[in-house]
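Student: Take this sequence and fold it.
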Amino acid sequence: METATPLDRPITLDQMSTGACARIVGVAGDRGLARKLLGLGLRVGSEVSILQRRSRGVVVANAGTRVALGSSVADKLLMQPLDR
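Tutor: Residues are numbered from 1 along each chain as shown. As a prediction, this is how the structure comes out:
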C-alpha cells in the first residue's frame, strides 16, 4: 500500500509560502467565486507563483499577470504544490 506524499495532498493558497509555485486543483466555494476567479484568469489547472503575502492576502502571478487575492478567496483555493 502506497502512502501519500505531501505533494499528493492539496493545500489552500493561504498555506503556501512566498516564492512557491502551484497548480489550482479546486475551488471550495460557490459558482460566484469560480466565475470571479475565471474573470481574473484563474481556473482549475492554472499554474501560479506566489509573489507576495499581504496580511492574510496573497499576490500571485499567472501567465504574466499579477492578481491580489484576499484571505477569504485564498483559503478557498485548493493548490497542488509544484516541485520547481
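Student: show me the contacts for the spatially most central residue of the chain.
Tutor: In the chain, the C-alpha nearest the mean C-alpha coordinate belongs to residue 13, at 4.2 Å (C-alpha atoms, centre = their mean). Taking C-beta atoms under 8 Å, 6 or more residues apart in numbering, we find residue 13 in contact with 22, 50, 58, 60, 69, 73, 74, 75, 77, 79. All C-beta atoms are positioned from the backbone trio N, CA, C, and that covers glycine.
Student: Residue 66: how many residues sit nearby?
Tutor: A count of nearby residues for residue 66, using other C-beta atoms under 10 Å, gives 10.
Student: can you tell me how far it sits from residue 34?
Tutor: 20 Å (C-beta to C-beta, to the nearest Å).
Student: now do residue 65
Tutor: From residue 65 to residue 34 the distance is 18 Å (C-beta to C-beta).
Student: So which of the two has more stuff around it?
Tutor: A count of neighbours by other C-beta under 10 Å puts residue 34 above the other of residue 65 and residue 34, at 16 against 11.
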